[in-house]
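J.: Fold the following and give me the result.
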Amino acid sequence: MEPPMSEYYEIFEEFCGVLMDKRFTKYWDDVETFLARPDDLVIATYPKSGTTWLSEIVYMIYKEGDVEKCKEDAIFNRIPYLECRSEDLINGVKQLKEKESPRIVKTHLPASLLPASFWEKNCKIIYLCRNAKDVVVSYYYFFLMVTSFPNPDFSEFVEKFMQGQVPYGSWYDHVRSWWEKSKNPRVLFMFYEDMKEDIRREVIKLIEFLGKKPSAELLDKIIQHTSFQEMKNNPSTNYTMMPEHMMNQKVSPFMRKGITGDWKNHFSAELRERFDKHYEEQMKDCTVKFRTEL
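T.: Numbering: from 1, shown residues only. All right, here's what the predicted structure looks like:
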């Protein structure tokens, strides 16, 4: 039986002004004191913004388009999730320490909580964001399939999302924190919608940011291997290697639709109006602009 919403705060807690999974914050010293290496690459996102898609593209660039190398292990082992911790089962910091350089680091942390050593070592960082309405829909389905999470109804979840009462806190604060960092030439700020619109253009941008030269052959291999259908069917990217007692993909697949505009199938007219008004208030002083349909 799933824990009801009354048990929400048995799983999550406010931490440095951000709602976080208690299993992660329990070992926060390990995250905060993490030692970056100068050639580390950080992939930062708010949850459900295209993290796995971007990660597989970057991994393909690092492996020069070798598909077999990309299938050697699950993506959560190839690109460890820095702050993720579940007692002895998952330990992102330990995984990263054991990795040879150059390492690719996944995180969902806002810029303020990223370990200081990444800034001190002047590491390259890619931040990928996605429009808030599609994020909240995708996040809702993720909540349903993660067995340790409570199961709110959709409108209840949207309310919590608007108030920043979901893991990793306010989407608005998260995006703003990284948008401010995008003035730094070592930070590449990207949009999920741009990737959906023209993946070739965005992959070229990534290859060049990583200091490599794009070739037509490499581009074709990456685009083919990281298409939504390929990744949905690929055990090394679709999270089917994660135990069912942690992620129940019979409830909802980890890779669900991968489209822009699915929010229209979930928001009532009233909910949309309320969300749009709240969004305007929250983002009025931020110059970053999103597209909610293509």
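
J.: where in the stretch 1-150 of the chain is pLDDT low?
T.: Along the stretch 1-150 of the chain, the model assigns pLDDT under 70 to residues 1-7.

J.: Can you show me the helices along it?
T.: 8-11, 22-25, 28-32, 51-62, 67-70, 75-78, 92-97, 116-120, 132-145 (DSSP state H, counting those that start in this stretch).

J.: for the ones you listed, which one sits closest to residue 160?
T.: helix 8-11 (8.3 Å; Cβ to Cβ). Glycine gets a C-beta too; all of them are placed from N, C-alpha and C.

J.: Mind listing what's buried along that closest one?
T.: Using 16 or more other Cβ atoms under 10 Å as the test for burial, helix 8-11 gives residue 8.

J.: Redo the helices of the stretch 1-150 of the chain as a markdown table? Include distance to residue 179.
T.: Below are the helices of the stretch 1-150 of the chain laid out as a markdown table (distance: least, Cβ to Cβ, whole Å):
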| stretch | distance to residue 179 |
| --- | --- |
| helix 8-11 | 29 |
| helix 22-25 | 24 |
| helix 28-32 | 23 |
| helix 51-62 | 17 |
| helix 67-70 | 31 |
| helix 75-78 | 26 |
| helix 92-97 | 25 |
| helix 116-120 | 16 |
| helix 132-145 | 13 |
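
J.: quick one: which of those helices is nearest residue 187?
T.: Here helix 116-120 is closest among those (Cβ to Cβ), at 10.1 Å.

J.: mind listing what's buried in that closest one?
T.: So, applying 16+ other Cβ under 10 Å, buried residues of helix 116-120: residue 118.

J.: cool, stretch 43-61 as well?
T.: Neighbour-count burial for stretch 43-61 [16+ other Cβ under 10 Å]: 43-61.

J.: again, but for stretch 63-73
T.: Buried residues in stretch 63-73, counting neighbours by 16+ other Cβ under 10 Å, are found at 65, 70.

J.: re the thing from before, which stretch among the helices of the stretch 1-150 of the chain comes nearest residue 213?
T.: helix 51-62 (10.9 Å).

J.: could you dump that closest one to PDB, C-alpha only?
T.: Extracted C-alpha coordinates of helix 51-62, given in PDB (Å, rounded to 0.1, in the frame of the first residue of the first chain):
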ATOM      1  CA  THR A  51      18.100  14.400 -18.300                       C
ATOM      2  CA  THR A  52      18.400  10.900 -19.600                       C
ATOM      3  CA  TRP A  53      18.200  12.000 -23.200                       C
ATOM      4  CA  LEU A  54      20.900  14.700 -22.800                       C
ATOM      5  CA  SER A  55      23.000  12.300 -20.800                       C
ATOM      6  CA  GLU A  56      23.000   9.600 -23.500                       C
ATOM      7  CA  ILE A  57      23.800  12.200 -26.200                       C
ATOM      8  CA  VAL A  58      26.800  13.400 -24.100                       C
ATOM      9  CA  TYR A  59      28.000   9.900 -23.400                       C
ATOM     10  CA  MET A  60      27.800   9.200 -27.200                       C
ATOM     11  CA  ILE A  61      30.000  12.200 -27.800                       C
ATOM     12  CA  TYR A  62      32.500  11.000 -25.200                       C
END
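
J.: Strands of the stretch 101-250 of the chain, residue ranges please.
T.: Here the stretch 101-250 of the chain has its strands, by DSSP state E, counting those that start in this stretch, at 104-107, 124-129, 187-191.

J.: Dump those to CSV, plus distance to residue 197 and mean neighbour count.
T.: CSV is the format used below for those (distance: least, Cβ to Cβ, whole Å; neighbours: other Cβ atoms under 10 Å):
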stretch, distance to residue 197, mean neighbour count
strand 104-107, 24, 23
strand 124-129, 14, 23
strand 187-191, 9, 19
